[in-house]
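Asker: Can you look at this prediction? I've put the sequence above it.
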Amino acid sequence: MAAKFASLQLISRFQAELDRLFQEAVAIGDSQLPVGEWQPALDVVETPASVLILAEVPGFRAADLAIEVRGTRVLLSGVKSTALPTSQRIKFHCMERGHGRFLREIQIFSPVNTHRGTARIENGLLTIEFPKIQDKRQEARVLRIEEPEEEGGEA
């Protein structure tokens, strides 16, 4: 029985990821941002106590970033501007540093308390942390079965 539940959970996660990818693909056509926009690299890490989102955002300050939580989705956005020389006539020979607007959507599959989430930025690494909570939906519980009360006096 446990293996069947694990399979269903895996299929559910897979479906959620497919839905997210489809929405992202549709949003590219509707987005006002250019295709190929800069995206920070990130990791999602689960510890026994929390879920961490680690995003590389070198050169960013807290004021340059926005974090929004919508249910099980975390939206990370910001704008990275590239400082250029003040000279009027510049010519690039190579341009590899990313810049521009970005929006990353991260799906969290573990039950977490999003109201107690924290975010900090240090040395170009943004760390978003959500404490895990016990998922009581999977606990077994017994429901009391009610019966209608019998009317007394009829025999």
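Answerer: Cool, the structure landed.
Asker: going forward, measure contacts and count neighbours with C-alpha atoms only.
Answerer: Fine.
Asker: if I pick the residue nearest the centre of the chain, what's in contact with it?
Answerer: Central residue of the chain (CA atoms, centre = their mean): residue 106, 2.4 Å from the mean position. Each residue near residue 106 by CA atoms under 8 Å, 6 or more residues apart in numbering is listed here: 73-76.
Asker: Confirm residue 137 sits in a helix?
Answerer: Yes. Read with DSSP: H, G, I helix; E, B strand; the rest coil, residue 137 is one of the residues of a helix.
Asker: just checking, residue 126 touches residue 58?
Answerer: No. The pair residue 126 / residue 58 is not scored as a contact, 9.1 Å apart, by CA atoms under 8 Å.
Asker: And those two? Which one has more around it.
Answerer: residue 126 (22 against 14; other CA atoms under 10 Å).
Asker: and that one, that's in a strand?
Answerer: Yes. Membership of residue 126 in a strand is supported by three-state DSSP.
Asker: coming back round to it: next one: the residue nearest to the centre of the chain, what pLDDT does it get?
Answerer: Looking at residue 106, its pLDDT is 94.
Asker: which SSE is it in?
Answerer: Taking DSSP states H and E as the definition, one finds residue 106 inside strand 100-107.
Asker: Tell me which strands that strand pairs with, and in which orientation.
Answerer: Sheet pairing of strand 100-107 (DSSP bridges) gives strand 73-80 (antiparallel).
Asker: Strands of the chain, residue ranges please.
Answerer: 42-46, 50-56, 65-70, 73-80, 100-107, 118-122, 125-131 (DSSP state E).
Asker: quick one: average pLDDT of the fourth one?
Answerer: To tie it back to what came earlier, the one meant is strand 73-80. For strand 73-80, mean pLDDT rounds to 91.
Asker: The third one too?
Answerer: For strand 65-70, the mean per-residue pLDDT is 94.
Asker: For residue 23, find the nearest of the strands of the chain.
Answerer: strand 100-107 (10.4 Å; CA to CA).
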